[in-house]
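1. Next comes the sequence, and after it the predicted model I'd like to discuss.
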Amino acid sequence: MQRRAAAAYTALFLVIAVVAGGIYATAEAPEVTVDDPDYELVEGDEFEHDGTTYTLNETADGEATFEVFEPEHEYTESWANGTMIEYEEGMYLVSLDPPTVILGEIVDMDEEAVEDEEAEEEDAEADEEAEDETEAEDEEAETDDADAEETDDAEADDEDAEAEEEAEAEDEDAEADEEEADEDAPEEGEPVDEEDVEIGEELTFEEGDTVEYQGNETTIAEVTDDEATLVWTGERTSTESVDSGENLTVGEEEELRVHIEGDTVQLTSDHASYDEQEDAIAAYEQRIDGITWVIVLSMLTVVILLSLAYLPVRG
């Protein structure tokens, strides 16, 4: 009786597995297609959008690499209050009094006063560490057992030698720091104390003025208590890589969906249609996963039923 029941259920689950297998084999996977792309490119092709030129440099591993050339890219730079900048082949100290920018030409600078402060702090820390080590060594020497004086004396001599070597090394480091401080002057953009520099000619600008800065016609767009913001336009070439299915930003806000088919790259602004096709693919894959599990579980059930049907019966 149990074998007949097992055979019936086995046949049922085999039918389920066969039907599921047939669906799995005949199902056609949907694919994303772009019927009317805004741009269709192969390597070396280019297109222009809002004055910016996009050139497809390479297509590999589902990724498209574009060279982006902007003839009028907006650059910005900031002058922080109290810092030193290079202007008209000279070094100037920036002083801000909104909406006024004052550039004071630095005709003389006490470089040692500007740079040595940090070196002095490091030397002070090193001296404190050396003193702490010496005090600790002295305390250990005083508390040593009297019966081991000879050994203690030898160890103390060694410790003194080590302390002398450390002190010499620290002196050498301090001398190196001083030499480095003498050689290095503060760099552009670093804060400078007005007391450490001598100011000569002063240049005054107002917010909205246009100045010649680093070979560009530059506008002082905004002046605050902390910094002055400079803006200018110029050419810029950059590279941008986008995976298939992602967006390439063109212009300031517009985005084009990138779709790669072999060596061809299609760009479309019809995001809704593209998203619908991707959703259809995701739904298909979910159903295929379900069918796969039906097949696997049906076959496992068949195996279990047959194994149980042929177990020996007591009596």
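-> It's in. Residues are numbered from 1 along each chain as shown.

2. Can you list the low-confidence ranges for the stretch 1-150 of the chain?
-> 1-2, 110-124, 126, 130, 134, 136-150 (pLDDT under 70).

3. on contacts alone, who are the packing partners of the top helix by length along the chain?
-> Looking across the chain with DSSP state H, the single longest helix is helix 271-309. Applying 3 or more C-beta pairs under 8 Å, 6 or more residues apart in numbering; DSSP states H and E, we find helix 271-309 packed against helix 2-26, strand 254-261. (Each C-beta comes from the backbone N, C-alpha and C, glycine too.)

4. ranking the ones you listed by burial, who's on top?
-> strand 254-261 (a mean of 19; mean count of other C-beta atoms under 10 Å).

5. Name the strands paired with that strand and say parallel or antiparallel.
-> Paired neighbours of strand 254-261 in the sheet (DSSP bridges): strand 247-250 (antiparallel), strand 264-268 (antiparallel).

6. Which of the residues in the longest helix of the chain are classified as buried?
-> 274, 277, 291, 294, 295, 298, 301, 302, 305 (16 or more other C-beta atoms under 10 Å).

7. Kindly report the same for stretch 42-56.
-> 47, 52, 54, 55, 56.

8. Taking those together, which two end up most distant?
-> 52 and 56 (14.1 Å; C-beta to C-beta).

9. ok, residue 20 to residue 307 distance?
-> As judged by C-beta to C-beta, to the nearest Å, residue 20 and residue 307 stand 22 Å apart.

10. Out of the helices and strands packed on helix 271-309, the one nearest residue 235 is which?
-> Of all the helices and strands packed on helix 271-309, the one in closest proximity to residue 235, counting by C-beta to C-beta, is strand 254-261 (21.5 Å).

11. since we're on residue 36, how many residues are nearby?
-> Using other C-beta atoms under 10 Å, residue 36 has 9 other residues around it.

12. That one: what's it in contact with?
-> 268, 270 (C-beta atoms under 8 Å, 6 or more residues apart in numbering).

13. Phi first, then psi, for it.
-> Here is the backbone geometry of residue 36 (degrees, to the nearest 10): phi -130, psi 70.

14. Turn the helices and strands packed on helix 271-309 into a markdown table, including distance to residue 282.
-> Below are these laid out as a markdown table (distance: least, C-beta to C-beta, whole Å):
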| stretch | distance to residue 282 |
| --- | --- |
| helix 2-26 | 17 |
| strand 254-261 | 16 |
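
15. For residue 100, which of these is the nearest?
-> strand 254-261 (39.7 Å).

16. Could you pull up the mean pLDDT of that closest one?
-> Averaged across strand 254-261, pLDDT comes to 94.

17. start the count at 520, not 1, going forward
-> With the count now opening at 520, the last piece we talked about shows up as strand 773-780.

18. Compute the inter-axis angle for it and helix 790-828.
-> 50 degrees (axes from the mean of the first three to the mean of the last three C-alpha atoms, to 10 degrees).

19. I would like the residues contacting strand 773-780, please.
-> Residues contacting strand 773-780 (C-beta under 8 Å, 6+ apart): 551, 553, 556-558, 568, 578, 581-583, 761-769, 784-790, 793.

20. Could you do stretch 604-619 as well?
-> Residues contacting stretch 604-619 (C-beta under 8 Å, 6+ apart): 598-603, 620-625, 628, 707-708, 711, 713, 716, 718, 722-727, 731-732, 742-747.

21. Would you mind measuring the gap between the ends of it?
-> 16 Å (C-alpha to C-alpha, to the nearest Å).

22. Could you list the buried residues of that stretch?
-> 604, 606, 610, 611, 612, 613, 614, 615.

23. what's in contact with stretch 557-575?
-> 576-578, 583-591, 767, 769-771, 773, 775, 782-788.

24. please redo it, this time with the cut-off set to 7 Å
-> 576-578, 583, 585-591, 769-770, 775, 782-788 (C-beta atoms under 7 Å, 6 or more residues apart in numbering).

25. I'm done for today, thanks for sticking with me.
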